[in-house]
Structure formats: C-alpha cells, structure tokens
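How does the following fold in three dimensions:
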Amino acid sequence: MFERRRQARAEADAAAAAALEATLDAVAPWSGAGLTAEAATLREGPRQQRALPAVALSDGVARVLVRHDELTDLVADRQGIVESVGAEWPVYLAWPRAAARSSVVGDVTAHLPDRSLAFVVSPVEAAPQAVLAGDDLDSFTTWVESFPLPR
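Residues are numbered from 1 along each chain as shown. The predicted structure is shown next:
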C-alpha cells in the first residue's frame, strides 16, 4: 500500500512539474540594465520530482536560479535580500538599504539609491554587476509579478 501511495505521489509530482513548465514556457524573457531574466523551474525533493517556479538571472557572465516566491517578496519589499540557489558562488539580489553597512554587500551598495536592486556576485570585490533602478526596476517588478501561477 505504501508503495502505491509513493508511486501515486511521484506521478502527481511529475504531472504538476510538466504543467508548471508548460505555464512558464509562455512567459517571455525580460532584460534591462545589463541583466536578463527568464522563467525557469527549480527541481527539489529526493528524486528531483517536485518543481518550483524560479527565475534564471544572468549578467552575461554569471547565470543563477532564484526562487520566484522569494523574488516576488523582494520586489514587493517584504524581503531585503535574495540569494541564488545551487550556485557554486552565491549571487545576491538586494535592496541597498537591506545590507548591513558593515558587510561587504553593504560596502559595494552604499552609494546606490534606496530604490534600486543590486545584482552582486560572490566573492564580492567590486561594484555590483548590474543595478536595477527607475524604469528598469519598474518593468522587472511588473515582469516578476505577472507570472501566471496559481495562488
């Protein structure tokens, strides 16, 4: 009986993952301020069967995945910093005001306007690789919030 339940759950996870991927395929990529973003899926679970909505961010050198729910909280200002998932070197997307001034991220974002998002690749040694502000930030926020996901 346990085996049948496990098999049924695996089949349901696979069907949900396929449906999510089909939904996300309809989301057009976004680009601006030296950064591109594409809808993606992040696999999790013991056999990587469950899929979560994610965003692939790239500055032309680094390409990382960020969970879509965390990115939604970030652009809605409910979260201050988002870290990439599964990258060899962490990448951060952060509001400058969210980084502690005593931190390395705080040092490289201190000069940025509060209403901007910095794309910072670790190890942090210099200025952010990309900064979203103004129209770029507005269009990125709209893009993140427009994903056709079930609530």
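
residue ranges with poor pLDDT in this structure?
1, 46-48, 150-151 (pLDDT under 70).

now the strands for it?
Remark: strands assigned in the chain by DSSP state E are 30-32, 35-44, 50-58, 63-67, 81-83, 91-94, 116-121, 130-133.

Pick the most deeply packed of these.
strand 91-94 (a mean of 24; mean count of other CB atoms under 10 Å). Every residue, glycine included, has its C-beta placed from N, CA and C.

And the contacts of that strand?
The contact list for strand 91-94, computed with CB atoms under 8 Å, 6 or more residues apart in numbering, reads 57, 62, 64, 66, 71, 74, 80-84, 105, 109, 117-122.

Kindly recompute the last result at 6 Å.
The contact list for strand 91-94 (CB atoms under 6 Å, 6 or more residues apart in numbering) reads 62, 64, 81, 82, 83, 84, 105, 117, 118, 119, 120, 121.

sorry, back to before: tell me which of the strands of the chain sits nearest to residue 149.
strand 50-58 (5.7 Å; CB to CB).

Would you map the helices across the protein?
Assigned by DSSP state H, the helices in the chain fall at 2-25, 68-75, 104-109, 134-145.

quick one: contacts for the residue nearest to the spatial centre of the chain?
Residue closest to the average C-alpha location in the chain (CA atoms, centre = their mean): residue 66, at 2.6 Å. When contacts are counted by CB under 6 Å, 6+ apart, residue 66 is found next to 55, 57, 82, 84.

and with 8 Å instead?
Contacts of residue 66 (CB under 8 Å, 6+ apart): 54, 55, 57, 82, 83, 84, 85, 93.

ok so, going back, okay if I get the helices of the chain as TSV plus distance to residue 42 and mean neighbour count?
Listed next are the helices of the chain as TSV, based on distance: least, CB to CB, whole Å; neighbours: other CB atoms under 10 Å:
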stretch	distance to residue 42	mean neighbour count
helix 2-25	10	12
helix 68-75	8	19
helix 104-109	23	18
helix 134-145	15	16
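
Dump the ones you listed to TSV, plus distance to residue 89.
TSV is the format used below for the helices of the chain (distance: least, CB to CB, whole Å):
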stretch	distance to residue 89
helix 2-25	25
helix 68-75	18
helix 104-109	13
helix 134-145	22
